[in-house]
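# sequence plus the predicted model coming up.
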Amino acid sequence: MKFLAVTLIVHAPDPVTGVQKSTNERFREVIDNARLAEELGFDGFGVGERHERPFISSSPPVVLSHIAALTSRIRLFTAVTTLSLLDPVRAYEDYATLDHLSAGRLDLIIGKGNGAAQRELFSVTPGDQWDRNAESYELFRRIWRQDKVSATPRFRPELADAEVWPRPLQQPVRVWHGSATSRESVDLAARYGDPLFSANVTHPIGPYAELIRHYRERWEHYGHDPRQAVVGAGTAGYYAARTSQEAIAAYRPVFEGHLAFQKSQGLEPVFATLEDFVERSSALIGSPQQVIDKVHRYHEEFGHSVLHLHADASGLTPSRHRASLELFQSDIAPVLRRAIPDPPFPWAPRVAEREPESEREPQAEAGPTRRPQPGSTRPIESVPPPEGEPGTVPTNR
């Protein structure tokens, strides 16, 4: 099993002390947490993308490029890249550049994003957001794989033998699809043989497990080897201490601070008590053995091989936050690494000699997608899905 530390770069008062860092201090904290994650042995560090308060994660390529310059081993993730809001040509340029600056350590998690304010900022409607996400991904993956691209998309100007630079280092970059509540992203991931990353942070396990089962069903429907389907999953919170009593006592003010904030915003909490949160959410709060047992329970439902923890202290003191992450790497991660297999693809940069353009032409006939399995380094071209199948790219609903 692989482990990521992820931040959405929330910029808000500390849920316990009420003190809010300056914008500059908050960015420095993100950079320090990324360096700490590499120091402690995490496999990846992820930065979210949101374009509305209370987040300041509007430019993940810039943040990740700075982290790339200060690290050497850890893989760098977007969590998630909101392709429904972005021009896929411009997104490609940013991430191909980052791919080189990071020496091929980039993974992308894409999704449509959520939040009405950011949608309005980019003049995107709820009715076309899924179509934009699918179309942008289709075009993005073609640009990554082809030296010249011609396309007539719905949501951006036409491309005619367009060349987009720089050409990337990884062939191709690995793209995960973030999944929270809907089947559209799940089907898109399965259609193209891409891994899925379940948000798994807001609700009990049921809805997320159902979407993951649907992903595996669609994966096989599109003709992929079921052994190659890969799932990652998030957590709603993390704090481990030597005893469960110590962990609960330390985390209680953090939970109560977040609960008070939800109520102040008129939100109905899904988990009204800390005890319910620990029992029924994906949060990993307790002793090392309790954390290990809970990850195994979720693994029985998800079959996931990648897990993310929160990179931020989020109300914990800096010393407690670091001690908890150190405990994860010393007492928890080694046990889970031995018990749960890694994803069935290399974690190293996916760099290989590119094939001639003529070998990357789309197949002529419709039918289930036949692409290299995840982890293959062979450049591929997108193939039109069967007519009428859900998730057709682009769509005209």
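Looks like it arrived, so ask away.

# in space, what's closest to Leu85 - neighbours in sequence excluded?
Nearest in space to Leu85, with sequence neighbours left out and distances taken as CB to CB, 6 or more residues apart in numbering, is Phe122 at 4.4 Å. C-beta: built from backbone N, CA, C; applies to glycine.

# can you tell me how far that neighbour is from Tyr137?
16 Å (CB to CB, to the nearest Å).

# those two - which one has more neighbours?
Under the criterion of other CB atoms under 10 Å, the comparison of Phe122 against Tyr137 puts Tyr137 first, with 29 against 15.

# what about that one, which helix or strand?
Element membership of Tyr137 [criterion: DSSP states H and E] is helix 129-145.

# just the mean pLDDT for that helix, thanks.
For helix 129-145, mean pLDDT is 97.

# which is the next helix or strand following it?
Sequence-wise, the next helix or strand downstream of helix 129-145 (DSSP H and E) is strand 149-151.

# following that following strand, which helix or strand comes up?
strand 159-162.

# and that next one, which strands flank it?
strand 149-151 (antiparallel) (DSSP bridges).

# mind listing what's buried in the partner strand?
In terms of neighbour count (16 or more other CB atoms under 10 Å), strand 149-151 has its buried residues at Val149, Ala151.

# what sits up against that strand?
Residues outside strand 149-151 that contact it (CB atoms under 8 Å, 6 or more residues apart in numbering): Leu139, Arg142, Ile143, Glu158, Leu159, Ala160, Asp161, Ala162, Val164.

# what is the burial count for the fourth one?
Meaning Glu158. 9.

# now the third one
Close neighbours of Ile143, defined as other CB under 10 Å, add up to 24.

# go on, the fifth one?
For Leu159, the tally of surrounding residues (other CB under 10 Å) stands at 19.

# for the helix holding Tyr137, packing partners?
Judged by 3 or more CB pairs under 8 Å, 6 or more residues apart in numbering; DSSP states H and E, helix 129-145 is in contact with helix 88-101, strand 106-111, strand 149-151, helix 183-191.

# quick one: residues in contact with the longest helix anywhere in the chain.
Ranked by residue count, the top helix of the chain under DSSP state H comes out as helix 244-264. Residues outside helix 244-264 that contact it (CB under 8 Å, 6+ apart): 12, 14-16, 237, 239-241, 268-269, 272, 274, 277-278, 285-287, 290, 314-316, 320.

# quick one: which of those sit in strands?
Tyr239, Ala240, Ile285, Gly286 (DSSP state E).

# can you give me the neighbour number for Glu275?
The local packing of Glu275 (other CB under 10 Å) involves 12 other residues.

# and Lys148, by the same measure?
Lys148 has 13 nearby residues by other CB under 10 Å.

# pLDDT value on it, please?
For Lys148, the model assigns a pLDDT of 98.

# for the one 5 residues further on, same thing?
Looking at Pro153, its pLDDT stands at 98.

# please apply the same query to Gln265.
Per-residue pLDDT puts Gln265 at 83.

# still on that earlier bit, and the contacts of helix 244-264, which of them are in helices?
Leu274, Phe277, Val278, Gln290, Arg320.

# could those be laid out in CSV, adding neighbour count?
Output for those, formatted as CSV (neighbours: other CB atoms under 10 Å):
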residue, neighbour count
Leu274, 18
Phe277, 21
Val278, 23
Gln290, 17
Arg320, 17
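
# between those residues, which sits nearest Gln118?
Nearest to Gln118 out of the ones in helices among the contacts of helix 244-264 is Phe277 (CB to CB; 27.3 Å).
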